[in-house]
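Colleague: Sharing a model prediction with you, sequence too.
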Amino acid sequence: MGSKYLPRKILPSDADLYTRLKNLEKQLVLYDIQENYVKEEHKNLKLELIRAREEIKRIQSVPLVIGQFLDMVDRNHGIVSSTAGSNYYVRILSTINREQLTPNSSVALHRHSHSVVDLLPPEADSSIQMMQLSDKPEVSYADIGGLDAQKQEVREAVELPLTCPELYHQIGIDPPVGVLLYGPPGTGKTMLAKAVAHHTGASFIRVVGSEFVQKYLGEGPRMVRDIFRLARENAPAILFIDEVDSIATKRFDAQTGADREVQRILLELLNQMDGFDQNATVKVIMATNRADTLDPALLRPGRLDRKIEFPLPDRRQRRLIFQTITSKMNLSSDVDLESCTLTVLSVVIFLQSSRDRKKFQPQILRRFVRKQAYKLSGKTDTLSPTKISKKGGRGTSRNMTVITPFMAFRDTHILWQFSTHS
């Protein structure tokens, strides 16, 4: 009876299970300690991340210097150029995407260490704001009076290579790279360049040559490279450089730093023209009033293949210009445009470009209002235009003066002379 209360003999298998249990309990305690350590470490890392983000925000919030990234030395260092014209070997912030850090890209530099702290879009650089794409011009060939020969040459040199490049491939010749438009001011050079861009659907980039001349050395050639790069990125495109004589005059023994900088801009322009692919859908149009001062290297074939002259209009051209201007006017059928062309010669020359027309039209309208060519409607208090003719009809009010074309253009001519001489 008493033997059944004796302790049971511990077998070897039970001892192994007990040992395993103790070991597992120790491991569980160790895991708990490690878990607490990891949680504490994670908490510290989150605090460090917050502090690092605040530090990056503080670095990027101070006034920064806009520069240009030139070359990558290693993953953490590179060479940059600041707006002051100096090159620096600097560190690169670890948060910047290295794949987007390409040569000639705009970057933000720390004002003290000049380290690269941010990557900027190209339009953030104030020095290349003038290189923005212009809106598609609304000028068409029909808006340009006369210039038939110039229109034909520009269409062959610029429009055909962009719209029908296979024609040049079939013939076996290279299309023109650049076109030079030269002639006196106000003869339609800019308007014709806009009309070509309108009919080809190409991007239109317009710059003035004097905008390439900057304060610091090296800025001008860099802007030339950037604007040609912008044209290639937005192909098909038409790059129109107005007043090119400001940067492309004949080279001489320069004595000042400004003259040497202008010559460096010209050399970069020549280099970019030589580097253009003949089959690229980018065309360069340059305009100047003084073609005799341009450097011969720019005028050679392969750079400016076509030279198109825009002379002062003769009698036939003036009549065509006058017809274009009056095509949108409410004229009577008995108006003799040939006689008006001779009467308003100076006005026609002045009104050749759309810019001058926009400037001068309000003055013409004010002159018509003074002569009561427009009358107020008593019910609606709105302006009601009356038709211009040689003589008043039955419906003409007695107290309203009828303006004949000769009187209108005579007053316009007088007003123009007064505005130009004053």
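Modeller: Yes, it's here.

Colleague: what's the following helix or strand after the longest helix belonging to the chain?
Modeller: Determined from DSSP state H, the single longest helix within the chain is helix 12-61. As assigned by DSSP states H and E, the chain's next helix or strand after helix 12-61 is strand 65-72.

Colleague: so Ser113 is in which element?
Modeller: Following DSSP H and E, there is no helix or strand that holds Ser113.

Colleague: Can you give me the pLDDT of it?
Modeller: Listed pLDDT for Ser113 reads 82.

Colleague: State the distance from it to Arg91.
Modeller: Between Ser113 and Arg91 the computed distance is 7 Å (Cβ to Cβ, to the nearest Å). C-beta coordinates here come from the backbone N, C-alpha and C atoms, glycine included.

Colleague: wait, isn't Lys283 in contact with Pro165?
Modeller: No: at 11.3 Å, Lys283 does not count as touching Pro165 under the criterion of Cβ atoms under 8 Å.

Colleague: ok, the two, which is more surrounded?
Modeller: More neighbours surround Lys283 than the other of Lys283 and Pro165, with 29 against 15 (other Cβ atoms under 10 Å).

Colleague: Give me the pLDDT value at Gly257.
Modeller: Listed pLDDT for Gly257 reads 68.

Colleague: er, Thr293 I mean
Modeller: For Thr293, the model assigns a pLDDT of 89.

Colleague: One more: Asp411?
Modeller: 48.

Colleague: Then Val38?
Modeller: pLDDT, Val38: 93.

Colleague: Report the separation between Asn144 and Asp74.
Modeller: You called it Asn, but residue 144 is Ile. In terms of Cβ to Cβ, Ile144 sits 56 Å off from Asp74.

Colleague: low-confidence ranges in the stretch 1-150 of the chain?
Modeller: Scanning the stretch 1-150 of the chain for pLDDT under 70 picks out 1-14, 83-85, 122-135.

Colleague: what do you get if the cut-off is 80, keeping everything else the same?
Modeller: Low-confidence segments of the stretch 1-150 of the chain (pLDDT under 80): 1-16, 56-63, 82-86, 104, 121-138.

Colleague: cool, and the stretch 201-350 of the chain?
Modeller: Residues of the stretch 201-350 of the chain that meet the cut-off, pLDDT under 80, sit at 201, 214-219, 253-259, 275-280, 314-315, 317-319, 321-350.

Colleague: Shouldn't Ile285 be within a helix?
Modeller: No: under DSSP: H, G, I helix; E, B strand; the rest coil, Ile285 sits outside any helix and is assigned strand.

Colleague: so what's it up against?
Modeller: By Cβ atoms under 8 Å, 6 or more residues apart in numbering, the contact set of Ile285 is 158, 178-179, 181, 193, 196, 238-241.

Colleague: Which parts of the protein belong to which domain?
Modeller: 15-60, 62-124, 132-309, 315-421 (automatic domain parsing).

Colleague: looking at those domains, which is buried most?
Modeller: domain 132-309 (a mean of 18; mean count of other Cβ atoms under 10 Å).

Colleague: For stretch 71-88, measure first residue to last.
Modeller: End-to-end distance for stretch 71-88: 11 Å, by Cα to Cα, to the nearest Å.

Colleague: before we move on, the earlier item: quick one: the contacts of Ile285 as a markdown table, columns for secondary structure and distance to Val62 too.
Modeller: Below are these laid out as a markdown table (DSSP: H, G, I helix; E, B strand; the rest coil; distance: Cβ to Cβ, whole Å):
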| residue | secondary structure | distance to Val62 |
| --- | --- | --- |
| Val158 | helix | 48 |
| Gly178 | strand | 45 |
| Val179 | strand | 48 |
| Leu181 | strand | 47 |
| Ala193 | helix | 44 |
| Val196 | helix | 47 |
| Ile238 | strand | 41 |
| Leu239 | strand | 37 |
| Phe240 | strand | 39 |
| Ile241 | strand | 38 |
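
Colleague: can you tell me how far Gly67 sits from Gly218?
Modeller: 12 Å.

Colleague: The nearest residue to Leu64 once chain neighbours are set aside is in what secondary structure piece?
Modeller: Residue nearest to Leu64 in three dimensions, not counting chain neighbours: Ala108, with 4.2 Å by Cβ to Cβ, 6 or more residues apart in numbering. Here Ala108, judged by DSSP H and E, is contained in strand 105-109.

Colleague: same deal with Ala195?
Modeller: Assigned by DSSP H and E, Ala195 falls within helix 189-200.

Colleague: following that helix, which helix or strand shows up next?
Modeller: Next helix or strand after helix 189-200 toward the C-terminus (DSSP H and E): strand 203-208.

Colleague: need the next SSE after that next one, C-terminal direction.
Modeller: helix 219-233.

Colleague: and the angle for that next one with strand 105-109?
Modeller: Computed by axes from the mean of the first three to the mean of the last three Cα atoms, to 10 degrees, the angle separating helix 219-233 from strand 105-109 equals 130 degrees.

Colleague: Could you check the angle helix 219-233 makes with strand 203-208?
Modeller: In this structure, helix 219-233 runs at an angle of 170 degrees to strand 203-208, with the same axes, to 10 degrees as the basis.

Colleague: Now do helix 219-233: which elements does it pack against?
Modeller: Counting contacts by 3 or more Cβ pairs under 8 Å, 6 or more residues apart in numbering; DSSP states H and E, helix 219-233 packs against strand 203-208, strand 237-242, helix 257-274.
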